[in-house]
Structure formats: structure tokens, C-alpha cells
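> predicted model, plus sequence, below.
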Amino acid sequence: MTEHTSGYAVFLFEQAWEALGEAIKPYVQEGPTGPHIPCHVVDTGGAFVEMTLPAKDERGKDAEIELMIPMQMVRMIVSMHSDIAFGFARERELRQNALPAVGPAAPAPTSPSTQMPHTADPAGANASIDDDRRRPPEG
């Protein structure tokens, strides 16, 4: 797909490529799905889509460029992350998957669930509910 293994691919509408003309060409990369702008960070919280792109300075050292284009020009943003982090966050940080593994190959639980209350006497657990139903309604 692209030479980058993580980040985002920003695809623009055809009219946007024409409107931006030569100014956008240094930042565009061709791929099997068409021209796109590869970037590490995307911020979509405003009238402009802010993209942080990897670049080289005049001495050949690594640098970053911030490119901003109007939101109306963006057709689609695709995440190219190879790890479990996903989204359009300003800072990219490694997040752990909050959901447990389920299914026949999942490991056995090491402790009882804390999400649902457990009772020692399942037969007597509904006794108070049954008693409440027998009382007349308050009024």
C-alpha cells in the first residue's frame, strides 16, 4: 500500500486535487487505491483537517510538516496502524484492548466478575423481591 506502516492516508475529492494544483503535489503519494496524503497525525476538530507529515529538512535530517486543508476537500481518512491503537487522537499512544478474549480458545477467568453482584445464596437472592410484591402499593 504505502511505504509507511502506521499513520493515516487522507484521500481528497477530485475537485480538491484540481483546486490545490501544484502546491499539494510534493505531499501526494500514489497507491493502488489512488492518490492520497500519508501522514502520522490527523486532527479533524475544526474547519481544516490538520495533518502532520514526515519530511526532511535542507540538511537531510528528519523533520515534520503541518499541512492544513479545508474539511470539505476530504473524501476519506483511512487508518494504517499496525498496532491496536486506532482513532483520530491528537497524540498517538499505545492503548490496551479493554475487552477480554472470549470464545472456546479463551483462557479461563482467574477471578469472579466484579461487574455483576454475586450472592452466596442464589435461592434466597430474590426473596426480598417476592416479599415486596406481596405488600400493598404505597399511595
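Yep, that arrived.

> which residues of this protein fall in strands?
Assigned by DSSP state E, the chain shows strands spanning 8-12, 37-39, 41-43, 48-56, 62-70, 74-79.

> so the first one versus strand 62-70, what angle?
Same thing as strand 8-12. Using axes from the mean of the first three to the mean of the last three C-alpha atoms, to 10 degrees, one finds that strand 8-12 and strand 62-70 are set 40 degrees apart in direction.

> residues contacting the closest residue to E64 other than its chain neighbours?
Nearest residue to E64, sequence neighbours excluded (C-beta to C-beta, 6 or more residues apart in numbering): T52, at 5.5 Å. Every C-beta, even on glycine, is put in place using the N, C-alpha and C of the backbone. Shown in contact with T52 (C-beta atoms under 8 Å, 6 or more residues apart in numbering): 39-42, 64-67.

> gap between T52 and Q15?
Distance from T52 to Q15, counting by C-beta to C-beta, to the nearest Å: 25 Å.

> so what sits opposite the spatially closest residue to D43 that is not a sequence neighbour in the bridge?
The spatially closest residue to D43, leaving aside those adjacent along the chain, is E50, at 4.1 Å (C-beta to C-beta, 6+ apart). Taking DSSP bridges as the rule, E50 bridges to D43, M68.

> so E50 sits against C39, correct?
No - the pair E50 and C39 does not pass the contact test of C-beta atoms under 8 Å, sitting 9.3 Å apart.

> helices of this protein, residue ranges please.
All helices of the chain, identified by DSSP state H, fall at 14-20, 127-134.

> could you tell me the least trusted of these?
Among the helices of the chain, helix 127-134 carries the lowest mean pLDDT, a mean of 59.
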